[in-house]
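Colleague: No sequence on hand, only this structure:
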């Protein structure tokens with residue numbers, strides 16, 4: 001894996017992990033996925049789950065291991081196809097990180 005491919009796959013892994021753990025997604029698809037796997041919210045809006053997949057979906061460190069494993073496996077098996085999927089996610093990750101950096105001092 002060359003360094004550019006590594007950076008693209010790493011950024012895509014971070015972005016996909018962030019989507020799965022934190023974001024609702026279009027039409028609340030990701031929210032519904034987490035709900036399907038038992039992620040619930042208590043009175044203080046803290047997330048919890050008794051399901052093994054649900055527990056992974058509330059922990060970005062846990063989810064990133066599985067997303068990273070899938071990303072690496074796909075890259076090693078189908079490098080060109082994986083890059084076609086990872087590149088848009090990596091570009092999205094860069095935009096998110098830049099937006100956070102730029103707006104960090106605001107408000």
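Modeller: Now that the structure is in, tell me what you want to look at. These figures come from a predicted structure and were not determined experimentally.

Colleague: switch to C-alpha atoms for all contacts and neighbour counts from now on
Modeller: Fine.

Colleague: so residue 47 makes contact with residue 58?
Modeller: Yes: between residue 47 and residue 58 there is a contact at 6.7 Å, judged by C-alpha atoms under 8 Å.

Colleague: Can you pull the residues that touch both of those two?
Modeller: residue 39 (C-alpha atoms under 8 Å, 6 or more residues apart in numbering).

Colleague: which of these two has more neighbours?
Modeller: residue 58 (20 against 16; other C-alpha atoms under 10 Å).

Colleague: And the residue nearest the centre of the chain, how close does it get to residue 53?
Modeller: Centroid-nearest residue in the chain: residue 17, 1.6 Å away (criterion: C-alpha atoms, centre = their mean). Residue 17 is 13 Å from residue 53, where distance means C-alpha to C-alpha, to the nearest Å.

Colleague: got it, and residue 91?
Modeller: Distance, residue 91 to residue 53, using C-alpha to C-alpha: 27 Å.

Colleague: How about residue 13?
Modeller: Residue 13 is 18 Å from residue 53, where distance means C-alpha to C-alpha.

Colleague: out of the two, which sits in the busier spot?
Modeller: residue 13 (26 against 16).

Colleague: which residues touch the more buried one?
Modeller: Residue 13 neighbours (C-alpha under 8 Å, 6+ apart): 64, 67-68, 71, 86.

Colleague: Checking my notes, it in a strand, right?
Modeller: No: under DSSP: H, G, I helix; E, B strand; the rest coil, residue 13 sits outside any strand and is assigned helix.

Colleague: This completes my enquiry, with thanks.
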